[in-house]
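**Student:** here is my input; please provide its structure:
(one chain, ligands or ions: 3)
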Amino acid sequence: MSDLTALSGLVDPDAPGWSRVALTDFDNAGREWVRQQMAALGLETRIDGAGNVIGRLPGARPELGSIMTGSHTDTVEGGGRYDGIVGVTAALECVRSLRDSGTRLNHDLLVVNFFSEEPNRFGISCIGSRALTGHIKASDMDRLDSESHSFGHALQQVRVDPSALLTARMDMSKVRAFVELHIEQGPHMEEQGSQIGVVSSITGVKRFQAAFRGRPDHAGTTPMDRRQDAGCAAAGTVLAIEQIASSHADGRGTTGLVTFSPEAVNVVTEVANLWGEFRSPDHAWLDDAVRRFEDAAQQEGRARSVTVELDWLPSESPAVMDDALGTLVAQQADRLGLTRSRLYSGAEHDAAIIAKTVPTAMIFVPSHDGRSHCPEEFTNERDVVAGTNVLLNTILQIDSQYGLD
Ligand code: GLV
Ligand code: MN
Ligand code: MN
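**Tutor:** Residues are numbered from 1 along each chain as shown. Ligands and ions are numbered 1, 2, ... in the order given. Just a heads-up that it's a prediction; the model follows:
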């Protein structure tokens, strides 16, 4: 809990909530703090080419491979004190407990603070885990932010070398299991009175940037039927996103950013940009939502002689968690006398990326009122401790069961 408090002090004082946004000095300070904690705990510590902070607790039989745990310490702008941070501080606490009890694992334990998990200002999320598993493309380095700076340039500003990031791939065949503890970020566990969530799958996410181009005209003299109003085409698309996502119980659709230009109250909008996303654990629905959205955007544009350009950002299909690891997590919760439930994650996580190559489990703890990505985000100490205990016991079980036959 004191680690959580320490990290909550390493934030941008001029931003709302607890803001430690990736690609800023504040995030660098947070990651450096984690590196120092790892080193103080005696972990072999390094920062890889992708900016991931990685600590290794050597096992007695390293030929068995490693067990990986961790999460992220970057936040959304105006975020809270728990999203990602609980998974990193709990991993440190597991190492502390192992050390204090004189317990030597068979496997190496890798503690990872993944770089830039939240979608950064280039719209790309999970940079560190994508790089570790080889799921990032050289062309992504050329993506531009609103000030026309490239992602590659922004990385250099925080001392991450883009070419090192592109080759930071880790040999994941040696990693036997990945387990990430995280807050639920939704209301279900609290409503069900469940202390531990065993995650079944992680939602798929399709993120886009849409540019609508029309014609700037005088707001007073241009008749309504002669306009090419890019703002209206964008607005119609925003509502279509809401409508499409509302057609399925587990569908989600959000427009997170809208810009109109020129920024003048008396000029018909020439260019409108939208950044948004669809999510669902249902693969087929997500693909269908993407098609319906593309049709809707084109239709809104056509109706106003506005052109529409859609750019799909690096996105993720739904990720299924490993059954055997999920069972291990559930057993640890039961042994510790904790109530539990099984649920899918509507939030995205590095675990979804790692799960493509390594058996992966996620452990959830409740979020008060289901609030997250806001300053009110809160998980009580009892639940943080319970989740950390389940994480530690799951690591111990993996260590005693995997690769020893
Ligand atoms: C990350 O927290 C996300 O789900 O966007
Ligand atoms: Mn988040
Ligand atoms: Mn998170």
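**Student:** now Thr222, nearest residue through space, not along the chain?
**Tutor:** Val268 (6.0 Å; Cβ to Cβ, 6 or more residues apart in numbering). (Each C-beta comes from the backbone N, C-alpha and C, glycine too.)
**Student:** tally of neighbours for that neighbour?
**Tutor:** 21 (other Cβ atoms under 10 Å).
**Student:** so what's it scoring on pLDDT?
**Tutor:** On the pLDDT scale, Val268 is placed at 98.
**Student:** just the element for Val88, please.
**Tutor:** helix 85-100 (DSSP states H and E).
**Student:** you'd agree the residue nearest to Thr222 is up against Ala219?
**Tutor:** Yes - contact criterion Cβ atoms under 8 Å: Val268 and Ala219 qualify, at 6.0 Å.
**Student:** now do the helix or strand containing Gln36 against helix 85-100, angle only.
**Tutor:** Of the helices and strands defined by DSSP H and E, Gln36 is found in helix 25-40. Inter-element angle recorded for helix 25-40 and helix 85-100: 10 degrees (by axes from the mean of the first three to the mean of the last three Cα atoms, to 10 degrees).
**Student:** give me the number of residues near Asp140?
**Tutor:** 20.
**Student:** doesn't Phe151 make contact with it?
**Tutor:** Yes - Asp140 is within contact range of Phe151, at 6.1 Å (criterion: Cβ under 8 Å).
**Student:** find residues that contact each of the two.
**Tutor:** Common contact partners of Asp140 and Phe151 (Cβ atoms under 8 Å, 6 or more residues apart in numbering): 122, 124.
**Student:** if we can go back for a sec, which is the next helix or strand following the helix holding Val88?
**Tutor:** The first helix or strand that comes after helix 85-100 along the chain, using DSSP H and E, is strand 108-114.
**Student:** now that next one: how far from the chain's centre is it?
**Tutor:** Offset of strand 108-114 from its chain centre (Cα atoms, centre = their mean, to the nearest Å): 17 Å.
**Student:** and the stretch 201-350 of the chain, which residues reach ligand 1?
**Tutor:** 347-348 (Cβ under 6 Å from any ligand atom).
**Student:** follow-up on the earlier one: show me what the helix holding Val88 is in contact with.
**Tutor:** So helix 85-100 is contacted by 3-4, 7, 34, 37-38, 41-43, 55, 57, 69-73, 75, 103-105, 109, 111-113, 180-183, 365, 379, 384, 387-388, 391-392, 395 (Cβ under 8 Å, 6+ apart).
**Student:** ok and it relative to strand 108-114, angle-wise?
**Tutor:** 150 degrees.
**Student:** next one: phi and psi at Leu343?
**Tutor:** Note on Leu343: backbone dihedrals following degrees, to the nearest 10 are phi -150, psi 160.
**Student:** need the nearest residue in space to the residue of the stretch 1-150 of the chain found nearest ligand 3, chain neighbours excluded.
**Tutor:** For the stretch 1-150 of the chain, the nearest residue to ligand 3 under the criterion Cβ to the ion is Gly84, separated by 3.9 Å. Leaving aside its chain neighbours, Gly84 sits nearest to His72 (3.8 Å; criterion: Cβ to Cβ, 6+ apart).
**Student:** where does the stretch 1-150 of the chain have low pLDDT?
**Tutor:** Low-confidence segments of the stretch 1-150 of the chain, defined by pLDDT under 70: none present.
**Student:** what does it have sitting close to ligand 3?
**Tutor:** Contact residues, the stretch 1-150 of the chain versus ligand 3 (Cβ under 5 Å from the ion): 83-84.
**Student:** how close does the closest residue to Glu270 other than its chain neighbours get to ligand 1?
**Tutor:** Spatial nearest neighbour of Glu270, chain neighbours left out: Pro216 (4.0 Å); criterion: Cβ to Cβ, 6+ apart. The gap separating Pro216 from ligand 1 is 34 Å, by Cβ to the nearest ligand atom, to the nearest Å.
**Student:** and Pro216, that's in a strand?
**Tutor:** No - per DSSP: H, G, I helix; E, B strand; the rest coil, Pro216 lies outside any strand segment and is coil.
**Student:** what about it, neighbour count?
**Tutor:** 17.
**Student:** got it, and the one 5 residues further on?
**Tutor:** Other residues near Thr221 come to 7 when the count uses other Cβ under 10 Å.
**Student:** ramachandran coordinates for it?
**Tutor:** Backbone torsions of Thr221, given as degrees, to the nearest 10, read phi -100, psi -20.
**Student:** state the pLDDT value of it.
**Tutor:** Looking at Thr221, its pLDDT stands at 98.
**Student:** buried subset of the contacts of helix 85-100 as a PyMOL selection?
**Tutor:** In PyMOL, a selection of the buried entries from these looks like this (16 or more other Cβ atoms under 10 Å):
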select buried, resi 3+4+7+34+37+38+41+43+55+57+69+70+71+72+73+75+105+109+111+112+113+180+181+182+183+365+379+384+387+388+391+392+395
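**Student:** for ligand 1, what's its nearest residue on the stretch 101-250 of the chain.
**Tutor:** Minimum separation of the stretch 101-250 of the chain from ligand 1 (Cβ to the nearest ligand atom) falls at Glu118, amounting to 5.6 Å.
**Student:** relative to Glu63, how far out is the residue nearest to Gly84?
**Tutor:** Shown here: His72 relative to Glu63, a distance of 30 Å by Cβ to Cβ, to the nearest Å.
**Student:** same deal with Leu257?
**Tutor:** Taking Cβ to Cβ as the measure, Leu257 falls 49 Å from Glu63.
**Student:** neighbours around the residue of the stretch 301-405 of the chain found nearest ligand 1, how many?
**Tutor:** For the stretch 301-405 of the chain and ligand 1, the shortest gap (Cβ to the nearest ligand atom) falls at Ala347, measuring 3.4 Å. For Ala347, the neighbour count with other Cβ under 10 Å is 20.
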